Every structure is written in C-alpha cells, then in structure tokens.
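>>> Pasting the sequence and the predicted model now:
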Amino acid sequence: MTTVRDELQAQRVDAVRAWTAFVEGGDGDEVRPEILSSWQRSGSAITPDVAEAPMADEDDTRTFYAESPLSVAVSRIEEELRRTADDGDLVLAVTDADTRILWTYGGRVMRRKAESVNFVAGGRWGETAVGTNALALANVNAKPSMVFSAEHFAPIVHNWVCWAAPVHDPVTGEQLGVIDLSTTWDRTHPIGLATARVMARLLENALPTAPPIGRRRGAGASLNAGLELTLLGRVEVVLDGQRLLVTRRQSEILALLALHPDGLSLEQMHALLYGDAAVTTSTLKAEISHLRSALGGQLASRPYRLMMPVDTDVDRVLDLLRAGETDAAVEAFGGDLLPGTTSPALAELADFVAVAVREALLARPTPGAVLRYSSLAPYDTEVVEVALASLPERHPARPLLLARLASSRA
C-alpha cells in the first residue's frame, strides 16, 4: 500500500531528475512553467553551488524593519505567528519588497536548519542571490507560490518545501514584501499554500490602516482621530486626542511630513531638515525611529510618510487666506512657525506664512485683526499705521491702535 511519504518521495525523485536535466543540459520540460522561468533567470545570475544566502547590512536591516509598517503588523500578531511555527515545526519569515528577510521565527528543528543557510533576518533570498525559492517567486509574480524540494535552484534547500504569499498595503495597494512558511520536504501538506495566504491576510489586517495624511480635512474641521499639529507661535502635538511629548527636532520632522503628504526619501528629509549641516543620516534615522514608536508605528518608510489623518494650524491659516477670510486667518495665526528653527525648509515656510498674513492685513486692515496681529508682531508698525489711515477720526478702535503704535515706538 502506497503511503503519503512514498508519494512525496516519488515526487522528490522526479524533482531531482528534472533539476539535474536542467543544470546539465538546459532541459526543463518536466517542471511547471513558473519554475522553469525562475530557473532560467536564476541560472543567468548565479551558479547552483551557493552555500548560503548572502547577508545584507545588519544595521540597515534592523533600521529598515523598525521603520516599516510590517514591524507593527508582526508585533500585533506575533503570538499567532510563533504558535503556527511551533505547532507545525515551520520556519516563518517576513521580507521586504526586495526579498530581504526582516523577521523570522522557527520551530526547534527548522530554526537550526534555517540558520545554517542564512534564512535569518538580513538574509537576501531573491533569485539573483540564491535562485528559485517560494519567497522570490511570490515577490516576482505577485501571487502565492510553492516550491518543493529540488524545484529550488540551489541544492542547499533541496530538502525544503516552502509556501509564500505577497503582503500588500491595504491603503495604497503597494506590495510590501512576502510571508513565507518553510519546512522539510517530507512534511509537505496540501493546505500549506492556503496557510500562507491566511498568514498574509492576517498581516495585512494588522497593518496601520488609517488613510494617508494627504486625505486632509477641510479648514476648521474637527479632528477626532489622527494627528493635530500646532506649529505657529508654540508647538503642540496631539495624537488621537492625547498630547505627545516630542523633542524639538521630532516636531520639525513631523512638520515636514505634514507638509509633504506624498512622502519624503531619507535624502530629501535630510536636506530639508539639516541643509548643509554636518549631520549623519544615522542620526536622522534614529530620530525617525523614536518618533515612529511615539506614533504607534504609523510612520511608513521608503518614502517616509504619516499613515493617519492630519490637521495643522499652518494649513488652516493658508486655507483661510486663500478663501479671503483674513480676520479668521489672523485669529488662527499664533505667531511665527517654529521660532528659531534651523531647518532651511521650515525657515522658508515661516517667512512665507508671516508675509502672507501681513500682506492680507495690509490689503484689508480690519481693526480687530490688526490689534491681534500687532500683539504677536508688536514692532510691525506699518500694519497699524495703514489701519489707522483707513479709519474715520471717531472710530472706537482708534485709541487702541494709537496706544499700540505708541508702545511699539517706546
């Protein structure tokens, strides 16, 4: 009587025979088309005798993962992932979009096997690194994939069977990476691929799912959930109704991200924040990492962008000015944007906002708005003078404006 293991052994023998025929003569008639295509791509990049997967830079991998929304998702379902690995003696791995492993966990047996071939955080498992495997196929073809035994291009994993499924950002649809489940070939199970799909859906459901920051509310709208930034005259950061304590530099990073809803690369952020100052990108990465923790992981990377609704007093003031509502804009204007900032981009924006408010007042110097503005900019006498010139002699606001003018000249 033929057992399941007998059937798997026969399947393994067929896979080895087909692999040998391809390696020795390029014949691939006996394998699935997606495996043959992958073998051909792999063969043009590497030889089958790789001993282990190459490793990416450890610090870069750690930093990237800490900044990735995948780290939030894994942390939220890690107990379930670990239980799945332990129960099935599997090794699970989550990769980035380049098939670099970011997180992995293995059962007792598979963990040792995984470590021997660098199936660990930082291991590069793309086709050009180790040849055909389920992680690379799922990534390249953007669909769940299975690779059994010698369907792998490199013999170092001929004893494995792997199932992988892509993981997508539920908001943007971007493919963030893949999740893979691997074990030994003799433990192949029909539900392996279905399990990979389920794990991928679990990860996607655990990702930060708030709409991107670009989907802003209109001026003056109430912000019940998300991020609210006060940047004019004083700094205050409120997340979901709770005030956050952040450093001056972190508030500047938040301001830049709020003003660039489509995101910023590391290099763009560095230039906008530091200009020509001699500050390393590692310092910036550390600041962003701390900020991500404070935001509960809702700060994506590559590009860096906030994954939540946002409202800023800067946007409110500028929106009101565009609408011609000068009095309301001055009421919302709390003073200079991040006074004393050393960020060249924010200093430029601060000048723009201040000039915009001032020019609007010069064009329409209503007494109440001028009085409020002059309390924030007491030495800007021209605005007060223009307002006085526009008022009749007996206007009730004249004494207040004259007093303000006299105090500013004292």
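All right, it came through fine.
>>> for the record, mean pLDDT for stretch 132-144?
Average pLDDT, stretch 132-144: 95.
>>> Other residues contacting it?
Outside of stretch 132-144, the residues within contact range by Cβ atoms under 8 Å, 6 or more residues apart in numbering are 34-35, 38-39, 42, 93, 95, 97, 99, 125-127, 130, 145-147, 151-154, 157, 162-166, 175, 177-178, 180, 182, 193, 196-197, 200. All C-beta atoms are positioned from the backbone trio N, CA, C, and that covers glycine.
>>> Now with 6 Å, please.
The contact list for stretch 132-144, computed with Cβ atoms under 6 Å, 6 or more residues apart in numbering, reads 38-39, 42, 95, 99, 125-127, 145-147, 152-153, 162-166, 178, 180, 193, 196-197.
>>> For that stretch, buried residues please.
Neighbour-count burial for stretch 132-144 flags 132-140, 144 (criterion: 16 or more other Cβ atoms under 10 Å).
>>> same question, stretch 286-294
Using 16+ other Cβ under 10 Å as the burial criterion, the residues of stretch 286-294 that qualify are 287-288, 290-292, 294.
>>> Tell me, domain by domain, which residues of the protein belong where.
Taking automatic domain parsing as the reference, the chain has its domains at 4-206, 227-312, 365-410.
>>> For the stretch 301-410 of the chain, give me the ranges with low pLDDT.
Filtered on pLDDT under 70, the stretch 301-410 of the chain yields the residue ranges 396-397, 405-406, 408-410.
>>> Just the helices from it, written as ranges.
Under the criterion DSSP state H, counting those that start in this stretch, helices of the stretch 301-410 of the chain are mapped to 313-322, 326-332, 344-363, 367-376, 381-390, 398-409.
>>> Just list the residues touching Q250, thanks.
For Q250, the set of contacting residues under the criterion of Cβ under 6 Å, 6+ apart consists of L291.
>>> can you check H270 too?
When contacts are counted by Cβ under 6 Å, 6+ apart, H270 is found next to 281, 284.
>>> just the angle between the host helix or strand of it and helix 344-363, please?
Following DSSP states H and E, the helix or strand that holds H270 is helix 266-274. With axes from the mean of the first three to the mean of the last three Cα atoms, to 10 degrees as the basis, helix 266-274 and helix 344-363 are set at 60 degrees to each other.
>>> any idea of the mean pLDDT in helix 266-274?
Confidence over helix 266-274, taken as the mean pLDDT, stands at 92.
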